[in-house]
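Asks: Sequence below, structure please.
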Amino acid sequence: MSMATQASPDAGVLLQARGIGKSFGGVDVLLGVDLDLHAGRAHALIGENGAGKSTFAKIVAGVHAPSRGSLRLAGTEVSIDSPAQARRLGIALIHQEPLSFPDLTVAENLWLGRTEGRAWSRVRRRAIVDDARRWLARLDAPVDPRQTMRELSIASQQLVEIARALASRSRLILMDEPTAALTPAEAARLFAVMRTLRAEGCCIVFISHRLDEVRETCEDVSVFRDGRLVVQAPVAGLDDDALIRHMIGRDPAPGDAQRRIRPDASPNGTVPPVLSVRALRGAGRVADIDLDVDAGSIVGIGGLVGAGRSELARALFGIAPARGGTIAIDGRERRIRAPRDAVRAGIGFVPEDRAASALFETLPLSVNIVAAAGKRYAPNGLLRRAAERLASRRAVEELRIRCASLVQPIGELSGGNQQKAILARWLLTEPRLLILDEPTRGIDVGAKAEFHELLRAYAARGGAVLVISSDLPELLALSDRVLVMCEGRLSASFDAAEATQERVMQAAVPRRGRVSAQPDAGALA
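Replies: Predicted structure coming up:
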């Protein structure tokens, strides 16, 4: 039963939701949600993955039709049956995973949906490029509107999505984890734009798992748990422990924030590292990379977006093969020219953009889980259904993946459960090395803690982990050693005991005359 505390009695209610429910395949994911959203205010929706907050946002934006309940917009009952109709009503949704046409330019993507019946051939190219520049400038986004979306980083694609919502002049903007791929500076610019929009009377719905951002940007908060709205109140009235308690239904456990200190796996150097990289050159400015990852250890890589962290991971997995240097697994040098070479070498990879690079969204969960272990479950090219079901059922139980059934399309699962399924896929291959790029982006507090425990358990069994994360508290809590990248090179290395957020950020910021440090430098360059 929801506690519907009015956030601001004198503020005008822009959207009123009553009794909103939603079922997928007979499984209820939203149960009788009553929620008021006010003009000129920012309203946070928080909760664990699968709690129903993104489903509610998609109903308001016309992506899903509610199974029951009603919506009133500015006092008038509305039936929003498509995203196009939502846009006409002044409602825009910025998705957690950027949705765009990758082979069209930034300007063309910004213009789509705003032609209002005008033939595309009659649109002046220069006009839409100039229009795109204006909206991107409002975000101070360093994006060329003539580039194709495919050429942009995930962070830049997200900025374009935000610019598109601004360009539609929406009065209700729903943002689903909009800062997950942004740098602190980009997020600060977004927050400034949000303040301006609120001052202009726009209502912002901000879905996030970052409680510090919720406090910085929002006046009101609604907490979802298991498909229900459990509390709606002013943000200032609830501390972080109270918010987490409402989210997970119990007091937060302190253990996840504790630093993991691991004794050396091979103090005498008798066992070669699982991964040994020397003088590696990759895409962009990635160069002169030397690093080792021992069995049983978790090595974190920090740095700013664009520092070359993802390019390094892609080189190690053969997506964008290294242009020089050596890669060795368990002391044996490997030529990794494609992902299949990496898989044969015992490397698993959880990419940054799971929707575009890891999921088969319309296929069943079970098929997604066994996708990388094809020879084991389809030795003759034919899938052994019984073995597939047994393996995927075991993975669902061990990783606590929430799903309606094994045949449920993975695209219907929450982001956290999708991420667990991708991890399960690689664990089935029994890899020697797991590489994870932003593994908990868009994952809630509870799911993040579970994901961390899974990685720790894998390392405790002798696996090696290389994890890239922009979440510094996560990086420090997980890692036995933290490497920092700056402008394509390693700038510092810290043991777990000496790594701090301040030292990592100092090493991540470009400085004139900086000299790269080798992984054992242990100090700023």
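Asks: When you work out contacts or count neighbours from here on, use the C-alpha atoms and nothing else.
Replies: Will do.
Asks: list the contacts for Ser357?
Replies: Shown in contact with Ser357 (CA atoms under 8 Å, 6 or more residues apart in numbering): Pro351.
Asks: where does it land on pLDDT?
Replies: With respect to pLDDT, Ser357 scores 80.
Asks: do the same with Ala74
Replies: pLDDT, read off for Ala74, is 90.
Asks: same deal with the one 4 residues further on?
Replies: According to the prediction, Val78 has pLDDT 92.
Asks: May I ask you to confirm that it is in contact with Leu71?
Replies: Yes: in this structure Val78 lies within contact range of Leu71 using CA atoms under 8 Å: 5.8 Å.
Asks: So those two - more neighbours on which side?
Replies: Leu71 (23 against 14; other CA atoms under 10 Å).
Asks: okay, and the helix or strand of this structure with the least pLDDT?
Replies: Sorted by mean pLDDT, DSSP states H and E, the helices and strands of the chain end with helix 374-377, the least confident at a mean of 67.
Asks: Give the buried residues for the helix or strand following that one.
Replies: Next along the chain after helix 374-377, taking DSSP states H and E as the criterion, comes helix 385-398. When burial is assessed from 16 or more other CA atoms under 10 Å, helix 385-398 yields the following buried residues: 388-389, 391-393, 395-396.
Asks: for the stretch 51-200 of the chain, what are the low-confidence residue spans?
Replies: Within the stretch 51-200 of the chain, the stretches with pLDDT under 70 are 96-98, 113-123, 181.
Asks: show me where it has strands.
Replies: Using DSSP state E, counting those that start in this stretch, the strands of the stretch 51-200 of the chain run over 68-73, 76-78, 91-94, 172-176.
Asks: The second one packs against which elements?
Replies: Strand 76-78 sits against strand 68-73, with contacts defined as 3 or more CA pairs under 8 Å, 6 or more residues apart in numbering; DSSP states H and E.
Asks: Which parts of the stretch 251-400 of the chain are helices?
Replies: Under the criterion DSSP state H, counting those that start in this stretch, the stretch 251-400 of the chain contains helices at 309-317, 339-344, 354-357, 365-370, 374-377, 385-398.
Asks: Which of these has the lowest mean pLDDT?
Replies: helix 374-377 (a mean of 67).
Asks: so where's the stretch 401-525 of the chain uncertain?
Replies: Scanning the stretch 401-525 of the chain with the threshold set as pLDDT under 70 gives 442-447, 509-525.
Asks: And the helices in it?
Replies: Ranges of helices within the stretch 401-525 of the chain are 415-427, 445-460, 472-478, 501-508, based on DSSP H, counting those that start in this stretch.
Asks: contacting residues around Ile173?
Replies: 91-94, 165, 202-205.
Asks: want to throw the residues you listed into TSV with distance to Arg138 and neighbour count?
Replies: Listed next are those as TSV, based on distance: CA to CA, whole Å; neighbours: other CA atoms under 10 Å:
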residue	distance to Arg138	neighbour count
Ile91	20	24
Ala92	17	29
Leu93	18	25
Ile94	17	25
Ala165	12	24
Cys202	16	23
Cys203	18	26
Ile204	17	27
Val205	20	23
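Asks: Identify the farthest-apart pair in those residues.
Replies: Ile94 and Cys202 (14.8 Å; CA to CA).
Asks: Domain parsing of this protein, as residue ranges.
Replies: Using automatic domain parsing, the domain ranges for the chain come out as 13-90+170-252, 359-430.
Asks: out of those domains, which comes closest to Ser310?
Replies: Once these are compared by CA to CA, domain 13-90+170-252 is nearest, at 12.2 Å.
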